[in-house]
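K.L.:
show me the folded form of this:
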Amino acid sequence: MASKLKFSDFVKYCKLIESSSSRKQKVVYLVQMLKNTKPEEVGPLVRLLLGRPFPPGSDYKLEIGPSTVYRVLRTLKGRQALLLNTEPTVLDVYRLLEKIARVEGEGSRRKKEALFRSLLSQLSQDGREYLLRSIFGEMRIGASEGVILEAIAQLANCPVDVVRRAYMFVGDLGRLAEIALRESKEGVESVRLEVFRPVKPMMAEMAYDLGRVLREHGGRTALEYKYDGIRVQIHGKGGKIRVFTRRLSEITQSVPDIVRVVADTVRADSFVLDGEAVGMVDGKPVPFQDIAKRVRRQRDLHKFLAKIPLKLYLFDILYLNGRVLVDEPYEKRWETLADIVPSELLAERRIVDNLKDAEDFYRKAIAEGHEGVMAKRLDSNYEPGHRGKKWFKIKQADTIDCVIIAAEWGHGRREGWLSDYHLAVLDEETGRFVMVGKTFKGLTDEEFEEMTKRLLELKVREEGYVVYVVPKIVVEVAYSEIQKSPRYESGFALRFARITRIRWDKDPYEVTTLKELRERYEKQFEAKARVT
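P.N.:
Just a heads-up that it's a prediction; the model follows:
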């Protein structure tokens, strides 16, 4: 049986993985490390590898900012790791991170810093480097989700497609690795959707015209309003109801009106529903930013509820009374959903088989203040966490989601604010964020001020007028064109980029991928000439 993995051995494996340019070899190193790990520590190990120390939806927050790190490192400068009787294991390090995250109340910052200093004092210089990389989401060793999934498949001796499906239902790669190590193939194959264990929502590709969507879906598709709200996944069983966001965080306490309407109207003993919570005032939807502020706010909640009541729109069902429904076709799932909820809770929807009807429905959605429409293939299954052509989103402007990796101090009217934001997408092959442009356009003065405060809390370093930050804040960015650019690592640049909204509800790893950006770039030449 494997002994507990020393943190120094974890660092050695990280260096090996980082030094290899071969995806196959990276998988080999990962399998070796996982086999040398005990079941109870494989979850923490995988989360550290990903640069996401705590499970999705966890309430744990380290609240260790770059300024705290610099202060602690200055006190440890020149010191070697403490001579302890036993060298810390991966699990020792992880448990101390959890302990730091649990600290709260008066004097919490001082206590967190003391615990963090104690942790770093036990590690070598290399150990400190890789731990800091992990807690700031900047591992950059090439151990992406896809690579780790391949390693888990080898560990469990089962096809990678089976592992990917299990990951859909577990949502936590660390937990899946533990199942693979403890229960091998049988354990991975037995993973199913469970009530009160949220799964990542199915996502949609961007489409540029409704005619193409109809052709892609075989001449007939279901159109739904694309609501500008908060994606909610609602779990219920035996009268208990819990509500989760697209990031798998629980917000049940923040949305008592949603809980109440579900409890009063849904006719089922156990269920998992997918929908959107939209702020409505005088019968009109309010901007997404106002809804996000409400969900994030804990004080004066009742006052906020009275100001911005939420309206629930449901559009899918994943589970009902013991049956998992994700493999059933969309059309059948909709019928099942309509059988257990009142019609006023269902998303506005129309099945179309011609362009005129599709365009009429799209214009109706826009006229009523919504973002656009969703197009869903009638025979499509539900694939948690997956983005593909089974679902399309059609909006008024081309937008992508980017994460801010740096910002520049403004001048003139924007002096004193961080206001020129460096935008990046996710390179899925490497797990790194790569830059695609800069913009200072789109935010209000109030948003500039809040953004400056939040970015300074995430500051990693400052070079001249540029502040480099931990990639945490996601923004939706509109643009007029994608251009080739040798200036940026991504190889692309957004022309006339403008922030349309701050996506506080999104995880950095949900942003647009470099692969998708390349595809969008190529799509442009369906209507434009290519000059070579």
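
K.L.:
flag the shaky bits of the protein, pLDDT-wise.
P.N.:
1-3, 78-86, 287-307, 397, 525-532 (pLDDT under 70).

K.L.:
longest helix of it, counting residues only.
P.N.:
helix 173-189 (DSSP state H).

K.L.:
please pull up the helix or strand immediately following that one.
P.N.:
Under the assignment DSSP states H and E, the closest C-terminal helix or strand after helix 173-189 is strand 203-206.

K.L.:
give the pairing partners of that following strand; include direction for each.
P.N.:
strand 387-395 (parallel) (DSSP bridges).

K.L.:
and the partner strand, which residues are buried?
P.N.:
387, 390-395 (16 or more other CB atoms under 10 Å). Bear in mind the C-beta positions are built from the backbone N, C-alpha and C, glycine included.

K.L.:
what does it contact?
P.N.:
For strand 387-395, the external contacting residues (CB atoms under 8 Å, 6 or more residues apart in numbering) are 202-210, 213, 216, 226, 330, 362, 371-377, 380-381, 383, 516.

K.L.:
wait, doesn't Leu149 sit right on Met168?
P.N.:
No. Leu149 lies out of contact with Met168 (CB atoms under 8 Å); the separation is 11.1 Å.

K.L.:
the host helix or strand of Val259: what's the following helix or strand?
P.N.:
Under the criterion of DSSP H and E, Val259 resides in helix 256-265. From helix 256-265 onward toward the C-terminus, using DSSP H and E, the following helix or strand is strand 270-281.

K.L.:
list the helices and strands the following helix or strand past that next one packs on?
P.N.:
Next in sequence after strand 270-281, counting helices and strands by DSSP H and E, comes strand 284-285. On a contact count with 3 or more CB pairs under 8 Å, 6 or more residues apart in numbering; DSSP states H and E, strand 284-285 meets no helix or strand.

K.L.:
so how far is strand 284-285 from its chain's centroid?
P.N.:
Relative to its parent chain, strand 284-285 has a centroid offset of 26 Å by CA atoms, centre = their mean, to the nearest Å.

K.L.:
so what strands line up beside it?
P.N.:
strand 270-281 (antiparallel).

K.L.:
buried set for the partner strand?
P.N.:
Using 16+ other CB under 10 Å as the test for burial, strand 270-281 gives 270-280.

K.L.:
helices of the stretch 1-150 of the chain, start to end?
P.N.:
7-19, 23-35, 39-50, 66-76, 90-102, 108-121, 125-135, 145-156 (DSSP state H, counting those that start in this stretch).

K.L.:
need those in JSON lines with distance to Glu489 and mean neighbour count, can you?
P.N.:
Below are those laid out as JSON lines (distance: least, CB to CB, whole Å; neighbours: other CB atoms under 10 Å):
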{"stretch": "helix 7-19", "distance to Glu489": "17", "mean neighbour count": "18"}
{"stretch": "helix 23-35", "distance to Glu489": "19", "mean neighbour count": "18"}
{"stretch": "helix 39-50", "distance to Glu489": "21", "mean neighbour count": "23"}
{"stretch": "helix 66-76", "distance to Glu489": "22", "mean neighbour count": "14"}
{"stretch": "helix 90-102", "distance to Glu489": "30", "mean neighbour count": "19"}
{"stretch": "helix 108-121", "distance to Glu489": "30", "mean neighbour count": "16"}
{"stretch": "helix 125-135", "distance to Glu489": "18", "mean neighbour count": "18"}
{"stretch": "helix 145-156", "distance to Glu489": "20", "mean neighbour count": "22"}
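
K.L.:
may I see the buried residues of the helix holding Val259?
P.N.:
With the criterion 16+ other CB under 10 Å, helix 256-265 contains buried residues 258-259, 261-262.

K.L.:
and those residues, which two are the farthest apart?
P.N.:
Val259 and Val261 (7.6 Å; CB to CB).

K.L.:
neighbours of Gly431, how many?
P.N.:
23 (other CB atoms under 10 Å).

K.L.:
not counting its neighbours along the chain, what's nearest it?
P.N.:
Sequence neighbours aside, Ser144 is the residue nearest to Gly431 in space, at 3.8 Å (criterion: CB to CB, 6 or more residues apart in numbering).

K.L.:
which one is Leu314 nearest to, not counting chain neighbours?
P.N.:
Gly275 (3.9 Å).

K.L.:
do the same with Leu48
P.N.:
Leu48 sits nearest to Ser134 (CB to CB, 6+ apart), 4.7 Å away.

K.L.:
ok so, going back, which of the contacts of strand 387-395 fall within strands?
P.N.:
Using DSSP state E, 203-206, 226, 372-376 are the members of the contacts of strand 387-395 that sit in strands.

K.L.:
I'd like to know how far the most centrally placed residue in the chain sits from Thr399.
P.N.:
The residue lying closest to the centre of the chain (CA atoms, centre = their mean) is Asp507, at 3.0 Å. Distance, Asp507 to Thr399, by CB to CB, to the nearest Å: 17 Å.

K.L.:
same thing with Val373?
P.N.:
Using CB to CB, Val373 is found at 15 Å from Thr399.

K.L.:
so which of these two has more stuff around it?
P.N.:
Ranked by neighbour count (other CB under 10 Å), Val373 and Thr399 place Val373 first, with 31 against 21.

K.L.:
care to break this structure down by domain?
P.N.:
What automatic domain parsing lists as the domains of the chain is 7-189, 203-395, 399-526.

K.L.:
tell me which of those domains lies nearest to Val195.
P.N.:
That would be domain 203-395 among these, by CB to CB, at 4.7 Å.

K.L.:
end to end, how far does the closest one reach?
P.N.:
End-to-end distance of domain 203-395 (CA to CA, to the nearest Å): 15 Å.
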